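Visitor: Sequence and predicted structure, then a few things I'm wondering about:
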Amino acid sequence: MKNYNLIPLFAFCAIFIPLTGMAQKQFKIKSPDGKIEATVNVGKTVSYSVSHNGDPMLDNSALSMALQDGSSYGVDVKLSGSSTKTVRQTIDAVVYKRKQIKDDYNELTLKFRGDYHIIFRAYDEGVAYRFVSTAKKPFVVKHEQAEFNFPSDRKAFINYANTQETVPLERQFFNSFEQPYYHIPLSEWNKKRLGILPLVVEGDNGKKVCITEADLMNYPGMFVYPGDHSPGLKGVFAPYPKEVEQGGHNNLQMLVRSREDYIAKFDGATAFPWRVIVISEQDKYLADNDLVYKLATPSKGDYSWVKPGKVAWDWWNDWNLYGVDFRTGVNDATYKHYIDFASEQGIEYVILDEGWAVNKKADLFQVVPEIDLPGLAAYAKSKNVGLILWAGYHAFDRDMEAVCKHYSEMGIKGFKVDFMDRDDQPIVDFHRRGAEMGAKYKLLIDYHGTYKPTGLHRTYPNVINFEGVNGLEQMKWSMGLDQVTYDVTIPFIRQVAGPMDYTQGSMRNATKGNFRSVYNEAMSQGTRCRQLAEYVIFESPLNMLCDNPSNYRAEPECTKFIAEAPTVWDHTIALNGEIGKYVTIARQKGDVWYVGSMTNWDARSLELDLSFLGEGSFRGEVFRDGINADRVARDYKKEIIDIPAGKKLPVSMAPGGGYVVKITKK
């Protein structure tokens, strides 16, 4: 982190305006560019509203916390003081979509009697607030009031918890945080279902409000549900587990059988998560937003050992190979073949997904007899490839340090931890503990089967990826899912929170009419070039190659592009896009730019403005949809082009199509 400037308050007194009329005090805080204004009202209670260039984004919305001892934060308040500061700094990112992040904000801290503060920050991208407890003794939080009230009924992109609507709301806290979006008015919200974050609500003049949270370290994650104030949303939090028992998927989960009447407990002073309100004038700015990362706790220590990269993956393609002289499956011969493939292509890792440890034992020290794990680790090392192991949540948690120490010493490079499927306080704390333990033993952590990221990847850069996305695995069983529309929705919503373990790279591609779900020889919806473009558009520092080596070897041009595409970047620019319709993102690594574009099921022609390239002549390696890609989705054309002198590049995409170009200077 560098270029830190704390600008004297007197130079910016116009930004923070306390209005002391009657018993209520009002504070205003503006973004550095002056467009966003948050108004905080402090009377008997505390509330806030947000506007953008005069357009109301959020109406008056209350915030408070009720403690088990009968006291409250934000109710019957006694303001003891306030302070402000303005920060202008640059963050040096460790594993991210850009090397440096401009971090400018104005901050207001309200101090109250009763051992707590409320902090508001205004950025050019949005507003955030958090409670901070200064308590010197243990305390328990029974409930948090987090309201997001809108000026009128607005359409929203709603991502329900992925359980059936017949399940009571309290049972929806157990879910894998994977669902398509419903684009409907807030008034049409299905009252039998909770919503998960991030969530986008439409505002005036094409603006959008994206609600999420950041710096979630030891507190339950937030769901949302229609509030009493209509139209509005309120935060809902999973109560603290009282009774849990081992069960679930292959006996690898801890299932909550009963819950306490509170949501969190603490030993003393703590900073609660940021409640984040991202505001975007155009959809494309949602596709390139850093607010969650900025609000996260910075990392400490040396993480130069963290090595992002690609992963040859066994599970999506069901360990299927052809043209080999051995029986494929969870065995040494199959994994040596994957290691050889990764080595040939310069792919950094191979993952051993579920199956390498004895089933239903939840014991990561019991390896199936078909696998010589130390031998595979040594073989992979000789080929300059690292191995990553899949682990069920409970199997990893029950003896975390012994597991990490043992496999680190064996040469294993990381764990893909799966099936948490909750975000109550103990599970959130598990994510932090897993990150910390992984860092201690220099192990990468990929959290699958989990909630959206909230900045843990900044605090612990060895936490290199998160699922919480309805990714390509759905194509194995979800016949009715419109994955193509989902693909051009998540860059503007889910990806606001952080990287996604989406697992793209299918070499079997299908048009809308030809697609079918096949578990052991899965295919993707949309064109081949769409799959390639996803390696540019989707953020994923640990990025899977979901298909099998046999299929990749049959497609050398596409495989070479995938293997060479970076997974972290020096710079990112969102060029265009509209939620649910299309998106184009440009990313730079060194002297090379990659530009990826995708459309929904509508064929689309765009003109890309490449003026960011600057002066000079440039050449592009293009993968575009073939002339028959609307009939045969794998049809594509690779060509070398000269980038037009005017830096305006015409692009055409088939229905469900994509386009990608790798640009170098002549």
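Guide: Okay, I see it. Quick caveat: nothing in here was measured; it's all calculated off a predicted structure. Numbers count the residues shown, from 1 in each chain.

Visitor: When you work out contacts or count neighbours from here on, use the C-alpha atoms and nothing else.
Guide: Will do.

Visitor: Other residues contacting stretch 207-217?
Guide: Residues external to stretch 207-217 that are found in contact with it (C-alpha atoms under 8 Å, 6 or more residues apart in numbering): 57, 197-203, 222, 272-283, 292-293, 295-297, 428-429, 432, 454-456, 493, 497.

Visitor: Filter the residues you listed down to just the ones in strands.
Guide: Cross-referencing those with the strands (criterion: DSSP state E) gives 57, 199-202, 222, 274-280 as the overlap.

Visitor: Give me the ChimeraX select line for these, limited to the buried ones.
Guide: Buried members of those, identified by 16 or more other C-alpha atoms under 10 Å, are gathered into one ChimeraX selection as follows:
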select :57,199,200,201,202,222,274,275,276,277,278,279,280
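
Visitor: Can you tell me how far residue 88 is from residue 298?
Guide: Using C-alpha to C-alpha, to the nearest Å, we find residue 88 at a distance of 16 Å from residue 298.

Visitor: Output the below-cut-off pLDDT ranges for the stretch 151-300 of the chain.
Guide: Along the stretch 151-300 of the chain, segments meeting pLDDT under 70 span 229.

Visitor: just the strands in it please.
Guide: According to DSSP state E, counting those that start in this stretch, the stretch 151-300 of the chain carries its strands in the segments 155-158, 182-185, 199-202, 208-214, 222-226, 232-237, 241-247, 253-259, 264-266, 270-271, 274-280.

Visitor: hmm, who's touching the last one?
Guide: When contacts are taken as C-alpha under 8 Å, 6+ apart, the neighbours of strand 274-280 outside the stretch itself are 52, 125-131, 207-216, 286, 291-292, 295.

Visitor: May I see the buried residues of stretch 601-618?
Guide: 601, 604, 608, 610, 613, 618.

Visitor: now, among those residues, which is nearest to residue 343?
Guide: residue 618 (31.1 Å; C-alpha to C-alpha).

Visitor: could you dump the ones in strands among the contacts of stretch 207-217 to TSV with distance to residue 340?
Guide: Supplementary listing: those in TSV, determined by distance: C-alpha to C-alpha, whole Å:
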residue	distance to residue 340
57	54
199	42
200	44
201	47
202	49
222	44
274	45
275	46
276	45
277	47
278	45
279	47
280	46
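
Visitor: Could you tell me how far stretch 539-549 lies from the centre of the chain?
Guide: Its chain's average C-alpha position is 16 Å from that of stretch 539-549, according to C-alpha atoms, centre = their mean, to the nearest Å.

Visitor: Dump that stretch to PDB, restricted to CA.
Guide: Output for stretch 539-549, consisting of C-alpha atoms alone and laid out as PDB, is shown next (Å, rounded to 0.1, in the frame of the first residue of the first chain):
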ATOM      1  CA  GLU A 539     -12.400 -13.600 -12.700                       C
ATOM      2  CA  SER A 540     -10.800 -16.800 -11.300                       C
ATOM      3  CA  PRO A 541      -7.200 -16.800 -10.200                       C
ATOM      4  CA  LEU A 542      -7.300 -20.600  -9.900                       C
ATOM      5  CA  ASN A 543      -9.100 -21.400 -13.100                       C
ATOM      6  CA  MET A 544     -10.200 -24.900 -14.100                       C
ATOM      7  CA  LEU A 545     -10.000 -26.700 -17.400                       C
ATOM      8  CA  CYS A 546     -13.200 -28.700 -17.000                       C
ATOM      9  CA  ASP A 547     -12.900 -31.000 -20.000                       C
ATOM     10  CA  ASN A 548     -10.600 -34.000 -20.400                       C
ATOM     11  CA  PRO A 549      -7.100 -34.200 -21.900                       C
END
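
Visitor: Next, the buried residues of that stretch.
Guide: 539, 540, 541, 542, 543, 544, 545, 546, 547, 548, 549.

Visitor: List the contacts of that stretch.
Guide: Outside of stretch 539-549, the residues within contact range by C-alpha under 8 Å, 6+ apart are 95-97, 308-317, 319-321, 338, 341, 446, 464-465, 495, 498-507, 567-568.

Visitor: same thing but 7 Å
Guide: The contact list for stretch 539-549 (C-alpha atoms under 7 Å, 6 or more residues apart in numbering) reads 308-314, 316-317, 320-321, 338, 341, 464-465, 499-501, 503-507, 567-568.

Visitor: try stretch 310-327
Guide: Counting contacts by C-alpha under 7 Å, 6+ apart, the residues outside stretch 310-327 that touch it are 328-329, 338, 342, 347-353, 473, 520-522, 542-550.

Visitor: Repeat the analysis, applying 6 Å as the threshold.
Guide: Applying C-alpha atoms under 6 Å, 6 or more residues apart in numbering, the external contacts of stretch 310-327 come out as 329, 347-351, 520-521, 542-548, 550.

Visitor: buried stuff in that stretch?
Guide: With the criterion 16+ other C-alpha under 10 Å, stretch 310-327 contains buried residues 310, 311, 312, 313, 314, 315, 316, 317, 318, 319, 320, 321.
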